Structure formats: C-alpha cells, structure tokens
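Trainee: No sequence on hand, only this structure:
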C-alpha cells in the first residue's frame, strides 16, 4: 500500500515548489511590492514548509532534480531574446565590455576589501569575492582560491535577492528608464536572479541581462584568481 503512494510522495517537493512560486507570483502581481518578489517569498514558503514537515534538504534536492535540470535548457533559451537584439549589439560591444569589466572589478574588490576591513580570514574573503557571478561559476572559483563553496552559495543568493529587491528603487532614483541599461545592470550585479527579475521588465531587458550575466561570470572567473594572487 505504501509503495502505491511512492510516486506521489516523490513528486510532492516538485509540486510544492511550483505551487509556492505560483502563489508568490500571484501575490506579487496583485500587490507589486518589491519585497514580495516571487524568488524571495516563494523560497521562504518552501523553506518554512520543509521545516514544518521536518523534511531534510537532501531529500528535497533529490526529489526536485528535474527542476534543477530544467535550469540548463532555460539558460540556453536566454540566447533567443539576445539573438533578437543582435543588430543593437554590433555598435556597442566596447561600451558593454567596459561596463561589465568595471562592474566585475568593483564587485570583487569591494567584497574582499569589506571582508578584510571586518577582520575576515582568507577563506571568507575568497568565498565572498565571486558573489556577483552565477552560482555554478562562483562556487568552484571560490573553492579554487581556498574559499568555502557553501558560504559562496549563500553570498551569491543574498546578493541576487538584494539586488533584485532594491533595483526598482535605485533605477527610479537614478532616473534610468532604458530597459537595455536596466537589464544589463541586473544581469551583471544579480546574475540569474537579476535575469529572472528582468523578465518582468521586457524582452530587451532579459536579453541584456543574460548577456551581462554570462560576461560577468567569465570576468569573475579571471579576476578572482588574479586579484587573489596579488594579495
């Protein structure tokens, strides 16, 4: 009898994740408050449910392997809106490269510098250094420099969520209305979470967010070992 319910039990974490995100998205669309971003409230709802039901994270991760796998095709699909912007990219490659280089250097140096001023040890500084890169890049880069992958993952998540939540107010304060600029800034500063936020802006914002996320990941993987080697 227990075996008959095994498939349903195995699908429960996936259904929980989809339901939590759908509910969080519905609330966000109704209220529009930046602190209610689906990536934040949906994750919190899943975490609270897992804690309440005493479900180990390892079991949840194994049961939602399909969703993790789908992140790969979803990332590749970001090339479609970017391809649609190919004509606009031809004349602005150098400004874009300069912008992402400045952003990457600032992100790495500021993370290391603030951690050093607060008396952090080397492994903490190297764990925080790649915080603005996407997680699959940040974690191995941190480990290669003596950092802790799990701490780096937390730093990446907090960076992305913070940037996504604060971006609307900052863009408004700076009077930035261009979806190209907003999307590029979100992708460079907040990696995949920022790109997900750009989806709510426009196709143009998504395209430039995806471009910035990829370029920043490449820059970070070069800069962290380079800057770390100079210290």
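Mentor: That came through, no problem. Remember, it's a predicted structure, so these values are computed and weren't measured experimentally.
Trainee: And the longest helix anywhere in the chain, what's buried?
Mentor: Longest helix in the chain by number of residues, with DSSP state H as the criterion: helix 203-230. Across helix 203-230, burial judged by 16 or more other CB atoms under 10 Å covers 204-217, 219-221, 223-225, 228. All C-beta atoms are positioned from the backbone trio N, CA, C, and that covers glycine.
Trainee: Under a three-state scheme, what state does residue 131 occupy?
Mentor: Recorded secondary structure, residue 131: coil (DSSP: H, G, I helix; E, B strand; the rest coil).
Trainee: Oh, that last question was meant for residue 97, not what I typed.
Mentor: Per three-state DSSP, residue 97 ends up helix.
Trainee: Repeat that for the one 10 residues further on.
Mentor: The assignment at residue 107 comes out as helix when based on three-state DSSP.
Trainee: if I look at it, how far off is residue 204?
Mentor: According to CB to CB, to the nearest Å, residue 107 stands 24 Å off from residue 204.
Trainee: now do residue 114
Mentor: Per CB to CB, residue 114 is found 33 Å from residue 204.
Trainee: do the same with residue 198
Mentor: As for residue 198, its distance to residue 204 is 9 Å (criterion: CB to CB).
Trainee: and for the two, which residues touch both?
Mentor: residue 183 (CB atoms under 8 Å, 6 or more residues apart in numbering).
Trainee: Output the below-cut-off pLDDT ranges for this structure.
Mentor: Within the chain, the segments meeting pLDDT under 70 span 1-10, 32, 34, 68, 70-72, 74-79, 82-83.
Trainee: How is it partitioned into domains?
Mentor: Following automatic domain parsing, the chain resolves into domains at 1-73, 78-231.
Trainee: hey, which of the ones you listed is tucked in deepest?
Mentor: Burial of the domains of the chain is given as mean neighbour count (mean count of other CB atoms under 10 Å); domain 78-231 ranks first at a mean of 19.
Trainee: chain center to that one: distance?
Mentor: 8 Å (CA atoms, centre = their mean, to the nearest Å).
Trainee: and what of stretch 23-31?
Mentor: 20 Å.
Trainee: quick one: contacts of that stretch?
Mentor: 36, 37, 38, 40, 41, 42, 45.
Trainee: Which of the residues you listed fall within helices?
Mentor: Among those, the members falling in helices (DSSP H) are 38, 40, 41, 42, 45.
Trainee: out of those residues, who's nearest residue 88?
Mentor: residue 38 (28.7 Å; CB to CB).
Trainee: how would you label the closest residue to residue 212 other than its chain neighbours: helix, strand or coil?
Mentor: Among residues not flanking residue 212 along the chain, residue 187 sits closest, at 3.2 Å (CB to CB, 6 or more residues apart in numbering). What three-state DSSP gives for residue 187 is helix.
Trainee: My guess is residue 187 contacts residue 196. True?
Mentor: No - using CB atoms under 8 Å, residue 187 is not in contact with residue 196, being 10.2 Å away.
Trainee: mind listing what the closest residue to residue 12 other than its chain neighbours touches?
Mentor: Leaving out its chain neighbours, the residue that sits closest to residue 12 by CB to CB, 6+ apart is residue 63, at 7.2 Å. For residue 63, the contact set (CB under 8 Å, 6+ apart) comprises 10, 11, 12, 13, 14.
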